[in-house]
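Engineer: predicted coordinates and the sequence they were generated for:
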Amino acid sequence: MGIRGRFAPTPSGRMHLGNLLAALLAWLDARSGGGELVLRIEDLDTQRTSRLFAAQLLDDLRWLGLDWDQGGLEPDYRQSRRTACYEEAFRLLEERGLIYPCYCSRTERMAASAPHREDGAVVYSGRCFRLTAAERAELERQGRRPAWRVRCPDLSVTVEDGNCGTYTENLARDCGDFIVRRSDGVFAYQLAVVVDDALMGVNHVVRGRDLLCSAPRQAWLHEVLGYPPPRFFHTPLLLAPDGRRLAKRDHDLDMGALRERYSPGELTGLLAWYAGLVDRPEKVTAAELVPLFSWAKVPKNDVVVGCP
């Protein structure tokens, strides 16, 4: 089977420079290998996302010269329209006794969790897994609506990342029981992306390095659900001069400003320079980068950008 990659943005605002770098590298990974690219819209949280932003996102990608083979605004490629797929996977986990309700509030989770990981996340202690039936019934009586967690085994999972190299986590110690369905009924990212990647035939997952820590649990969840895990490639993050990661909420170099400042070729050349594919930021098209692309050239560490 050939390469089948994906770009899976969340339409909660205009894309910024870091999003564009991940999109370009996902596109180049697929096209340089003669493969296909799926554009999936990750709009699970309908309160934070909008169809307007999704349509703008598609326009911005086309403006940059990036195309895709399936997806976009088609219903089958929008997470908000794929609830039945996640329900089926959830029921399978439930039948295997791998999930349990968690009634903890945020404050209770923080108090009952292990120390923070290096990335700032906390490892859940499994407090609610040990609740008795009577204790659960009392919490239900109080009106607590549970989230649902998957019970992680004491198992070390190693991912051979195509850009960052070997990465290992012990699921119980480093990850902890993670949420697969929120208390409001919305399915969580960790379950949805595994189901979607599997059912869409994705075998190359290219995304930002901030999600590297999700790769072991997702590889394990693929196997639990009977899916072959994909190969992961985590790209460097783009950082502001003060060291913070570029984010939509800060309107850092978003596409509104970038399209006013650059032509498509100029912006592509800048991204190619950040990606280590060219020696200087000069005008270039995405198609012209295909023969130049190699993961060996892409930086392993994050890249500090100025005000281009």
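Structural biologist: Structure received.

Engineer: pLDDT weak spots in the stretch 151-300 of the chain?
Structural biologist: 248-252 (pLDDT under 70).

Engineer: what ranges do the helices span in it?
Structural biologist: Remark: helices assigned in the stretch 151-300 of the chain by DSSP state H, counting those that start in this stretch are 189-199, 215-224, 255-261, 264-274, 286-289.

Engineer: which residues are contacting the third one?
Structural biologist: Yep, that's helix 255-261 we're talking about. Contacts to helix 255-261, defined as Cβ atoms under 8 Å, 6 or more residues apart in numbering, come from residues R14, M15, H16, L17, L20, Q56, D60, W63, H251, L267, P308. C-beta: built from backbone N, CA, C; applies to glycine.

Engineer: do that again at 10 Å, thanks
Structural biologist: 13-17, 19-20, 56-57, 59-61, 63-64, 251, 253, 266-267, 270, 308 (Cβ atoms under 10 Å, 6 or more residues apart in numbering).

Engineer: which of the residues in that helix are buried?
Structural biologist: M255, L258, R259 (16 or more other Cβ atoms under 10 Å).

Engineer: also the shortest one?
Structural biologist: Along helix 286-289, the positions that meet the burial threshold by neighbour count (16+ other Cβ under 10 Å) are A286, L289.

Engineer: and if you look at the first one?
Structural biologist: In terms of neighbour count (16+ other Cβ under 10 Å), helix 189-199 has its buried residues at Y189, Q190, L191, A192, V193, V194, V195, D196, D197, A198.

Engineer: which one of those sits closest to A240?
Structural biologist: Set against A240, the nearest of those by Cβ to Cβ is Y189 (24.7 Å).

Engineer: once you drop chain neighbours, what's closest to the closest one?
Structural biologist: Excluding its sequence neighbours, the residue lying closest to Y189 (Cβ to Cβ, 6 or more residues apart in numbering) is L44, at 7.0 Å.
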